[in-house]
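# okay, here's the prediction I keep looking at, along with the sequence it came from:
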Amino acid sequence: MSLDSDIIVDRRRIRRKLTFWRVMAALIAIAAIAGFALVATPGARGTFASAGSIARVQIDGLIRSDSDRTQALERLENSQAAAVIVHINSPGGTTAGSEQLYDSLVRLKAKKPLVVVVEGLAASGGYITAIASDHIIAQQSSLVGSIGVLFQYPNVAELLKTIGVKVEEVKSSPLKAAPNGFEPTSPEARAALDALVKDSYAWFRGLVKERRGMDDTLIEKVADGRVFTGRQAVDLKLIDQIGDEKTAVTWLVEQKGVKKGLPVRDYKLQPRFGDLPFLKTAAAVTLEALGLGSIAHQIGQTGVVQAVDRFGMDGMLALWQPAASN
């Protein structure tokens, strides 16, 4: 019995070592494939702007401060791209994030010809982003504008009073952490917030007036928080032209001297290298060959980065994903 026990223990050790070396071999193989893909695969270079092309940059969704995005735009400044077309479809975001993106595009514009195309929406912070360009193109039904600043916060004072909860606090001055949502907003706190909103609005309004060459009468008309269609925006000087990406390319050729016939290629601001199609397939095949089928299946469905995220989750999950197609 003792001999049998020793054999079982040895087998388990060997199995653990074999699993360890399989995982190590898989990681080494993936690293090697990644290096090869970066050098040899055209899809891997799609993240970077190649010579003899126009870079297409996409700004979608909410805009927040993002250092990765800033660095990506700085790399684009030093790339071999002949020009840049920025597509915007955003309702805005934080004021600071929008200003950061605006500054990045202004620096990029100093290095390369740049034009903005509004796809569906460039409102508030999205419009701050758009006016970094000297030429804005939008579709007739696109929405632009919403020049204004908003500060919202919930106040649950009445709810807490109803359920019998009171929040106590000790603070250094009356306006510290005000408003807090746990008590009625004091006139002093409301005045402080009003000053913040008005200061940010004055900056936004002044930026639009300067960048779009508006007089006092026109800026007063467009800076009341409304959005306008592309058709309306042309007459209001919020945009320069009705059109699409082809219109933008034509403008770059005719007005900026960009060579005619250059392809337009995507430049991703936040590349997910682990999800390159070539790398995803190669990694899955390698893991399958090493006997790690479950991990290979996960990578095949969702990609390298998401697979790592998924396996890093702890506890029970309530997570939906579409079934893999056969």
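On my side now, so go ahead. Numbering: from 1, shown residues only.
# name the SS class of V57, please.
The three-state assignment at V57 reads strand, by DSSP: H, G, I helix; E, B strand; the rest coil.
# residues near it, how many?
The number of residues packed near V57 is 23, by other C-beta atoms under 10 Å. C-beta here means a position set from N, CA and C on the backbone, and glycine is covered the same way.
# list the contacts for the closest residue to it other than its chain neighbours?
Counting by C-beta to C-beta, 6 or more residues apart in numbering, V57 lies nearest to V86, which is 4.8 Å off, once chain neighbours are set aside. Applying C-beta atoms under 8 Å, 6 or more residues apart in numbering, we find V86 in contact with V57, I59, L105, L114, V115, V116, V117, T129, A130, S133.
# right, and the fourth one touches L105 too?
Spelled out, it's L114. Yes: counting by C-beta atoms under 8 Å, L105 is a contact partner of L114 at 6.8 Å.
# give me the common contacts of the two.
Common neighbours of L114 and L105 (C-beta under 8 Å, 6+ apart) are V86, A132, S133.
# what's downstream of the helix or strand harbouring T217, the next helix or strand?
Counting by DSSP states H and E, the element that carries T217 is helix 216-222. As assigned by DSSP H and E, the chain's next helix or strand after helix 216-222 is strand 227-229.
# quick one: strands adjacent to that next one?
strand 143-145 (antiparallel) (DSSP bridges).
# what's the mean pLDDT across the strand it pairs with?
Across strand 143-145, pLDDT averages out at 95.
# hang on, the earlier thing: now the shared contacts of L114 and L105 in JSON lines, with pLDDT, distance to L101 and secondary structure?
Converted to JSON lines, the shared contacts of L114 and L105 look like this (pLDDT from 0 to 100; distance: C-beta to C-beta, whole Å; DSSP: H, G, I helix; E, B strand; the rest coil):
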{"residue": "V86", "pLDDT": "97", "distance to L101": "10", "secondary structure": "strand"}
{"residue": "A132", "pLDDT": "97", "distance to L101": "8", "secondary structure": "coil"}
{"residue": "S133", "pLDDT": "96", "distance to L101": "12", "secondary structure": "coil"}
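# using a markdown table, lay out those together with distance to D244.
Rendered in a markdown table, the data for the shared contacts of L114 and L105 read as follows (distance: C-beta to C-beta, whole Å):
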| residue | distance to D244 |
| --- | --- |
| V86 | 13 |
| A132 | 19 |
| S133 | 15 |
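# got the domain ranges for the protein?
What the TED database lists as the domains of the chain is 54-148+225-270, 274-306.
# what about F182, neighbour count?
16.
# and D244, by the same measure?
15.
# gap between it and P91?
For D244, the distance to P91 (C-beta to C-beta, to the nearest Å) stands at 20 Å.
# same thing with P179?
P179 is 25 Å from P91, by C-beta to C-beta.
# now the chain, which segments are flagged as low pLDDT?
1-27, 29-51, 270-326 (pLDDT under 70).
# go again using 50 as the cut-off
1, 37-47, 271-278, 302, 304-326 (pLDDT under 50).
# can you give me the strands for it?
Listed in chain order, the strands of the chain (DSSP state E) span 54-63, 83-93, 114-123, 136-138, 143-145, 227-229, 241-242, 264-266.
# picking that back up, which one of the shared contacts of L114 and L105 sits closest to E168?
A132 (46.9 Å; C-beta to C-beta).
# if we can go back for a sec, can you add distance to L218 and give the domains of the chain back as TSV?
TSV is the format used below for the domains of the chain (distance: least, C-beta to C-beta, whole Å):
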stretch	distance to L218
domain 54-148+225-270	6
domain 274-306	46
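# of those, which is nearest L193?
When these are compared (using C-beta to C-beta), the closest one is domain 54-148+225-270, at 13.6 Å.
# quick check: end-to-end length of stretch 225-236?
Stretch 225-236 has its terminal residues 14 Å apart, counting by C-alpha to C-alpha, to the nearest Å.
# repeat for stretch 174-181
14 Å.
# and if you look at stretch 254-261?
Stretch 254-261 end-to-end distance (C-alpha to C-alpha) = 12 Å.
# out of the strands of the chain, nearest to E77?
strand 83-93 (9.4 Å).
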